[in-house]
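>>> Fold the stuff below for me.
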Amino acid sequence: MGLFSFVRRRSTAADAAPGSPCAELGRSVVAMRLRGEQVAGGCVQVVFSEAGQSRRAAASGVRGTEVAYGFHPGPYGIDMAPFAAAPETGLRIRFVIDAADPRVAQQRFDLYLFSEVAEVLTVEGLRAAVEAAVQEALAQGMLDLPPCTSLDEWNAFRAGLNQLLYTRFGITVEDCLPVDLGEQADYAAQLRARAQAPAPAAEPAGADPAASRASVTAQTTGATSTASAATGAAAAATATDAAATAAAKAPRRATLGAAALGAPLLAGQAADDAHALRRLFLELPVLSSGLRQVALPPGQALFLAHRSLLQRIALIALDVNTMPVLALAAPNQPLPAVQQQRRAHHSIEAARGLDQAWALLARLQLAANPLQFGAACGSTDPEPMLAALLDDADRIVSNLDHHLSQRRIASADARLEPSL
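Below you'll find the model as predicted:
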């Protein structure tokens, strides 16, 4: 029956007109913004109001200033490399986008479309996003895929992967198998990218010298874990290769190099800043709601840590809602380009912290339901693991708070008022 349903769902994508952009839905395109187009049979239309509330409606259900997206539920197949330093080791994932869950007010995939997809979400674009999320989760310790994985370890990884992709993107994994990507990996291109990668430049005088020390980011964790796995020159080469690969796949980033001291702010940096703040504005309330619904076992210590976490996220969401404009230090006072670059940099890092928070929520949901997810928790007593995860959540929220406070101020030398 699964084979026939696969053929039926794939054939419905051909119902659209051959010249229509919607004709690629279900093939090379997962979702796209609709500007008067009609989606083919088998596709789903999502309509967003000005307030960001979504509903799945018929083709004629768009009113006024509402924004509509159309997507095909799949299934889709992708190949991805879970480790940036080992591009020949891959995973072949088959996933679908499930029907609407009536238990939630907004579907996670709908939020992903409205928050992160401007026009078109291709299969390759979603593959790159999934690959980056899995690599980040492995670097942060939210997932574990050791060498020579046993059956129990593989089942635990699959449970964590399923929960991560559903929590982060709203997609359901149907199948996941290890695969050799050695024939697909272009090692020559990777070596050229590593050789052409620019040397790290010194930070400008206006940058905060304590910013990199105060923020515990994924690059530090990934480099530490890589260095512990190898020794000597092999470890240095592996870390350099991982950094070059990540830099090639990452979106545009605001650079704080000395060469940018007198350069005008690039349009891409302003767009990245706006995109990061938009994500924080839309996703933080949903993230807070998910954290609030985590069923923790009885205990005063866990209750206090959970309450403190929710209160801090609420204050961070309020901080995002009142964030000043990028280009102004005060009304009618333009901000220097170097300070705009510093602000954009902290916005992007805050968005990376948001991605880590989604991965942490997936891990919390697993650890809080040991009977439902079985061996994925790794222990029959979830309380110690939950305490460790809440401690990690405190680190992530502290990073978010730090980057948003740096995004708010006009200069790194400005005096910071104490916050709750």
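>>> what's the helix or strand for Asn68?
You called it Asn, but residue 68 is Ala. strand 67-71 (DSSP states H and E).
>>> can you pull out the strands in the stretch 1-150 of the chain?
Using DSSP state E, counting those that start in this stretch, the strands found in the stretch 1-150 of the chain span residues 29-34, 44-48, 54-57, 67-71, 76-80, 89-96, 120-122.
>>> Columns mean pLDDT and distance to Leu366 on top of those, output as TSV?
From N, CA and C alone the C-beta is placed, and that goes for glycine too. Supplementary listing: the strands of the stretch 1-150 of the chain in TSV, determined by pLDDT from 0 to 100; distance: least, C-beta to C-beta, whole Å:
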stretch	mean pLDDT	distance to Leu366
strand 29-34	87	26
strand 44-48	85	28
strand 54-57	80	26
strand 67-71	85	27
strand 76-80	91	21
strand 89-96	91	18
strand 120-122	90	27
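>>> Out of these, flag the one nearest Ala359.
strand 76-80 (15.7 Å; C-beta to C-beta).
>>> list the helices and strands that closest one packs on?
strand 89-96, helix 123-140 (3 or more C-beta pairs under 8 Å, 6 or more residues apart in numbering; DSSP states H and E).
>>> Contacts for the strand holding Ala68 next, please.
Residues outside strand 67-71 that contact it (C-beta atoms under 8 Å, 6 or more residues apart in numbering) are 22, 25, 30-34, 37, 39, 43-48, 62, 97, 109-110, 113-114, 117, 121.
>>> ok so, going back, quick one, which of the helices and strands packed on strand 76-80 gets closest to Met385.
Closest among these, using C-beta to C-beta: helix 123-140, at 14.9 Å.
>>> and the strand holding Ala68, which strands flank it?
Strand 67-71 has the following sheet partners, assigned by DSSP bridges: strand 29-34 (antiparallel), strand 44-48 (antiparallel).
>>> Can you check what angle separates the longest one from strand 76-80?
It stands for strand 29-34. When axes from the mean of the first three to the mean of the last three C-alpha atoms, to 10 degrees is applied, the directions of strand 29-34 and strand 76-80 differ by 110 degrees.
>>> contacting residues around strand 29-34?
Outside strand 29-34, the residues that reach it (C-beta under 8 Å, 6+ apart) are 21-22, 25, 45, 62, 67-72, 74, 76, 97, 113, 117-123, 126.
>>> For stretch 35-44, buried residues please.
For stretch 35-44, burial by neighbour count (16 or more other C-beta atoms under 10 Å) applies to Glu37, Val39, Ala40, Gly42, Cys43, Val44.
>>> Please write out the alpha-carbon positions of that stretch in CSV.
Taking C-alpha atoms only, stretch 35-44 is exported to CSV below (Å, rounded to 0.1, in the frame of the first residue of the first chain):
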residue,chain,number,x,y,z
ARG,A,35,1.1,35.3,-5.9
GLY,A,36,-2.2,34.4,-7.6
GLU,A,37,-1.1,31.0,-8.8
GLN,A,38,-3.3,28.0,-8.2
VAL,A,39,-1.6,24.9,-6.6
ALA,A,40,-2.0,21.5,-8.2
GLY,A,41,-4.1,18.7,-6.8
GLY,A,42,-2.4,17.0,-3.8
CYS,A,43,-0.7,20.2,-2.7
VAL,A,44,-1.7,22.2,0.4
